[in-house]
Each structure stands twice: as structure tokens, then as C-alpha cells.
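Undergrad: Predicted coordinates and the sequence they were generated for:
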Amino acid sequence: MIAGHKGRLTWLVKCLTIAAKMGMKEYIGSKLERGVKLKHRFSFLLLLVCSLALTVGLMGGVARAEDGFFDSNGVKIYYVTEGEGEPVVLIHGWMADSSMWGRDEHGNTKLNASAGFKLIAFDCRGHGKSDKPHDRKQYGVELAADVVRLLDHLHIDKAHLVGYSSGAFIAGKVAASYPERVLSVVYAGQAPVIFEVMKPGDFSEVDSFARAVQSGDLGSYLIDVIPADRPKPTREQAEAIAKYLYGGKDVEAFAICGQSFPELAVTITDLKKCQAPVLFIRGENESQHVKGKIETARELLGHGEIKIIPGGDHITTLTKPEFEAALLDFLRHGQLQ
């Protein structure tokens, strides 16, 4: 996921600030203890605190979910489906995977329990269980093409698209390039990348991460993202956090994927070709950068509603019941009631 300049890093700053004030062991221990106490309602919050992935719970129904792989132009993509009804494709953010939408013991989505939709979540290439090529040409527009190929694989003509954070970039590219395949679009926690209003530095977070991956110094990267007026963790603490967050993960694939995001830019003319209903969702406390991107996209697009989730920021918005309620309302009616 990527929240422009600061969205996801705001949460990371909070974690590192606390870690700087208390030992890393005590910090993680406190989160573990809290996670156990809130197990039934917020079990995914432990992963939220200790992972860059948006591990949140939109999935959890009655019947067992089905998963599998399909070939997307030579790249193996993992996906999971659940439920019956109009198809809804859930597109996760950068450095997350399909599990960010949450799972119960059957691997199902909470959303389906009351919605009656066919939910389709997948791991973007470079993430989760999907293949992780290290070739830049395998990302960019291919991230959007994967969505269409997934629909083809499942014999689905049209679907609702829900993209969170950088998933909104992908959803926007699909809407602009394949408007005939789209029933509606939800841009959550971000806006599509619009060519006419792209600015230098829009993807500076990705560039910083890529440099850290190249140098092998992710600890320094985590320290550097903390504003000067906030307490800094020790080098040892930062390295421990980096090991916890990125250990065993293909960070080079993350970096290459993120650096391809500008290739998902669309012109406003192409975006307007998709006449499907549009909803923007953001947290009340989202970064100013993301707020501005969403407002600008809405103004340029000329239609679509903006739903603001009280008390939500880039991370916690997905944990709010208001998010699920707004999403279901929109998917059912094509607008907020």
C-alpha cells in the first residue's frame, strides 16, 4: 500500500515512536497482550500493528472459500473466491496481499455474510503467494491486466472493483482501459493516478524504499521516515522492526512493483469513458496528500461521491464499521442511500 507521502508512514511513525520510548520487546509484548484481549473482534489488529500489510477484516461468511492459481501471461497469480451474486474484486495495497481483507477459520470474508456478493480477492504479482518477478516490465500495466485476466479465468464479464491504497491505482487503470468490464469502482484510501495532475515526488516513498532495498539498510529507512520532531528509535530497535516487517519477504519485488506505479497513470479523458458509479472512501484523519488527491480526482471526474469515515486514518479506516456499511450500501444501490 502507499498513501501518497505520509498515509501508511503515519502509522509507522507512531509504532516507531512508541518503540523508541519503550524497549522493542516490551512494545511488541504490549501489542500481543492487547491482541489477545481483543481476539474475537479485532484479531487482525495485531498484524496491523506489527506489519506493513493492511490486515483488516472484510472477509468472513458461512461457506468455505475456494482458492487457486491462474496463469496471467506467464505469471502465476493466487486468488480466493467466496459467495454468490454480483462479483466484487478486492485489490489490496502495496506490500500487502489478499489477506488484508481478513479471513475467518474457513478463509471467508465478513462482507459476504450479509451482502450476497461473489467476492474475489487476489495477490497482486510481486506479493503474497503470487509469482514475484524481478523484471520491471512485468509490473506497471500488467498489474491492471491481471485483474481482467482473472475475470476471464473465472468467466466473469463485469465486476465491481474495490481498490484500497495503491489498489486504487490499479482499479483506476482497469476502469480507464477496460470500461466495459466494470460495474462500479470504489477508490478507498487513495485516488487513481491521473496523468494531468501527477507531480514530482508523488511516489517519493517508493523511491526511498527502493534505495533502502538496494543498500540493504531498511533500518535506516525506517528511522528516516520519522519527522525530526518525533522521538527516534535506536539503531538496534529499528533493525529489529525491519527484520520483523520484511524478514522472509521479497523486498526487491516490492520495490520494483512500487516503482512501476507511475505507469498506472490514466488521462481524465480515458477515465471518463467508464460511466460506472464511483465512490471515494477516506478516513477523517487521512493525510493531506491523499485528501487532496481524492478531492482533485472527484472534481476532474465530474461525478462520484466521497464518504468520510469518522476517526479513520489510512490504516484504521478499514477497521471501522462505517467503512463496511458504506461499501455495502454503495455496492447494493450504486450510490449511498
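TA: All right, it came through fine. Computed from a predicted model, the values in this text were never measured in an experiment. Numbers count the residues shown, from 1 in each chain.
Undergrad: roughly how far apart are I294 and A240?
TA: 35 Å (CB to CB, to the nearest Å). All C-beta atoms are positioned from the backbone trio N, CA, C, and that covers glycine.
Undergrad: Compare neighbour counts for these two and give me the winner.
TA: Relative neighbour count places I294 above the other of I294 and A240, with 24 against 19, counting by other CB atoms under 10 Å.
Undergrad: who touches the more buried one in this structure?
TA: 187, 190-191, 280, 282, 306 (CB atoms under 8 Å, 6 or more residues apart in numbering).
Undergrad: cool, and Y221?
TA: So Y221 contacts 208-209, 211-212, 242 (CB under 8 Å, 6+ apart).
Undergrad: out of those, which is most surrounded?
TA: Counting by other CB under 10 Å, top hit in the contacts of Y221: F209 with 25 neighbours.
Undergrad: Helix or strand: which one has the residue lying closest to that residue once chain neighbours are set aside?
TA: Ranked by CB to CB, 6 or more residues apart in numbering and with sequence neighbours excluded, the top spatial neighbour of F209 is A255, at 5.9 Å. For A255, the enclosing helix or strand under DSSP states H and E is helix 251-259.
Undergrad: Show me what that helix is packed up against.
TA: Counting contacts by 3 or more CB pairs under 8 Å, 6 or more residues apart in numbering; DSSP states H and E, helix 251-259 packs against helix 204-215.
Undergrad: so R282 is in which element?
TA: strand 278-283.
Undergrad: and R235, what does it touch?
TA: R235 neighbours (CB under 8 Å, 6+ apart): 219, 223.
Undergrad: make it 6 Å
TA: By CB atoms under 6 Å, 6 or more residues apart in numbering, the contact list for R235 is empty.
Undergrad: how near is I120 to G85?
TA: For I120, the distance to G85 - CB to CB - is 11 Å.
Undergrad: more crowded one of the two?
TA: Remark: of I120 and G85, I120 carries more neighbours, 24 against 12, as counted by other CB under 10 Å.
Undergrad: That one belongs to a helix, doesn't it?
TA: No - secondary structure of I120 (DSSP: H, G, I helix; E, B strand; the rest coil): strand, not part of a helix.
Undergrad: Okay, and the beta partners of it?
TA: Per DSSP bridges, the residues bridged to I120 are T81, V89.
Undergrad: In this structure it contacts E82, no?
TA: No - contact criterion CB atoms under 6 Å: I120 and E82 do not qualify, at 8.2 Å.
Undergrad: Could you identify the most distant pair in the contacts of I294?
TA: Q190 and I306 (12.6 Å; CB to CB).
Undergrad: Could you check which of those two has the larger neighbour count?
TA: Q190 (31 against 16).
Undergrad: and the more buried one, what is it in contact with?
TA: Going by CB under 6 Å, 6+ apart, the list of residues near Q190 reads 165, 168.
Undergrad: what about the strands in the protein?
TA: 66-72, 75-82, 87-91, 118-122, 159-164, 182-188, 278-283, 305-309 (DSSP state E).
Undergrad: closest one to F330 among those strands?
TA: That would be strand 278-283 among the strands of the chain, by CB to CB, at 4.6 Å.
Undergrad: Quick one: list the elements packing against that closest one.
TA: Counting contacts by 3 or more CB pairs under 6 Å, 6 or more residues apart in numbering; DSSP states H and E, strand 278-283 packs against strand 182-188, helix 288-301, strand 305-309.
Undergrad: Looking at those, spot the one closest to H127.
TA: strand 182-188 (17.6 Å).
Undergrad: Let me know the average pLDDT across that closest one.
TA: The pLDDT scores in strand 182-188 average 98.
Undergrad: Just the CA trace of that strand, in PDB.
TA: C-alpha atoms of strand 182-188 as PDB (Å, rounded to 0.1, in the frame of the first residue of the first chain):
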ATOM      1  CA  VAL A 182     -16.600  -2.500 -14.800                       C
ATOM      2  CA  LEU A 183     -19.900  -2.400 -12.800                       C
ATOM      3  CA  SER A 184     -18.700   0.200 -10.300                       C
ATOM      4  CA  VAL A 185     -15.500   1.500  -8.800                       C
ATOM      5  CA  VAL A 186     -14.600   2.200  -5.100                       C
ATOM      6  CA  TYR A 187     -11.400   4.100  -4.600                       C
ATOM      7  CA  ALA A 188     -10.500   3.700  -0.900                       C
END
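Undergrad: Give the partner strands of it in its sheet and their orientations.
TA: strand 159-164 (parallel), strand 278-283 (parallel).
Undergrad: roughly how far is that strand from the heart of the chain?
TA: From the chain centre to the centre of strand 182-188 is a distance of 14 Å (CA atoms, centre = their mean, to the nearest Å).
Undergrad: got it, and stretch 268-279?
TA: 21 Å.
Undergrad: Could you do stretch 183-203 as well?
TA: 13 Å.
Undergrad: going forward, begin numbering at 509 instead of 1
TA: OK, 509 is where the count begins now, so the last one is stretch 691-711.
Undergrad: okay, how far is it across it, tip to tip?
TA: 29 Å (CA to CA, to the nearest Å).
Undergrad: Return the set of buried residues in it.
TA: By 16 or more other CB atoms under 10 Å, the buried positions in stretch 691-711 come out as 691-702, 705, 710-711.
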